[in-house]
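Engineer: Sequence first, then the predicted structure, then my questions.
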Amino acid sequence: MYKCYKDKIVPGTESFSLLPIAGENLLYLTMWVLAGYLLWPVWTPLGLPLLTIIWGVLVVVVQILLKKHNCSGCYYYDKLCHLGWGKISSAMFKQNSGDPNVGMKLSLFYIVPPPAILLTALVFAIIEDPVWIYWSVLVLFITLNVASFPIRKKGCGLCAMRETCPGSAAKSKGTT
Ligand code: SF4
């Protein structure tokens, strides 16, 4: 575990069960795929859905880097956290092999792209008036993103890292 986390571990769930882990991973995967669908028609030079291609590469690269820079120094390294990613990290990277500062910057992946994609898709839909399926996917994308907030908060609330993780949604008041 990274030194900066060591003194701030609190009692939490030691190992999460597979069903909620699978559910939360499915939720993220669905949101990423829907985002790719929404970006598909927005910019297609030479007929290529370039934004979707860029998005797909970004998802894969950032997710791998997060497993190194966040998860390799986490309390749940080689354990089943609420996303199961501690196990994935231990299969790919040595313990503490990342940089927590880089990990913190990479976590912007969860904050910046969703509203940017939503805004891009909304502007595209208003200007181009696409088929109803596009609008339905847009509504589903918004719904799942909103639903992900309480789900994330619940997972963070059970996590032993909740008082120290920079991305925790369940810190006690007054904790920095
Ligand atoms: S709790 Fe977060 S940082 Fe720790 S292993 Fe799970 S996903 Fe990675």
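Structural biologist: All right, it came through fine. Residues are numbered from 1 along each chain as shown.
Engineer: going forward, measure contacts and count neighbours with C-alpha atoms only.
Structural biologist: Will do.
Engineer: Leaving out chain neighbours, which residue sits closest to M1?
Structural biologist: G73 (4.3 Å; Cα to Cα, 6 or more residues apart in numbering).
Engineer: which residues touch the one you found?
Structural biologist: M1, Y2, Q95, N96, S97, G98, P100 (Cα atoms under 8 Å, 6 or more residues apart in numbering).
Engineer: Please list the residues of the protein that sit near the ligand.
Structural biologist: Neighbours of the ligand within the chain, by Cα under 6 Å from any ligand atom: N70, C71, C74, Y76, Y77, C81, L83, W85, G86.
Engineer: Of these, which is the nearest to L18?
Structural biologist: Within the residues of the chain next to the ligand, proximity to L18 (Cα to Cα) peaks at L83, which comes in at 9.0 Å.
Engineer: Distance check, the closest one against L34.
Structural biologist: In this structure, L83 and L34 are 20 Å apart, going by Cα to Cα, to the nearest Å.
Engineer: In this protein, where's the longest helix?
Structural biologist: When the chain is parsed with DSSP state H, its longest helix is helix 132-157.
Engineer: Name the residues of it that come out as buried.
Structural biologist: Within helix 132-157, the residues that count as buried by 16 or more other Cα atoms under 10 Å are Y134, W135, L138, F141, I142, S148, R152, K153, G155, C156, G157.
Engineer: And for stretch 25-37?
Structural biologist: N25, L27, M31, W32, L34, A35, G36, Y37.
Engineer: what angle sits between the helix or strand harbouring the last one and helix 132-157?
Structural biologist: Going back to what we said before, that points to Y37. Using DSSP states H and E, Y37 falls within helix 18-39. Computed by axes from the mean of the first three to the mean of the last three Cα atoms, to 10 degrees, the angle separating helix 18-39 from helix 132-157 equals 140 degrees.
Engineer: need the next SSE after helix 18-39, C-terminal direction.
Structural biologist: helix 50-69.
Engineer: Distance from the chain centre to that next one, please.
Structural biologist: Distance of helix 50-69 from its chain centroid, counting by Cα atoms, centre = their mean, to the nearest Å, is 11 Å.
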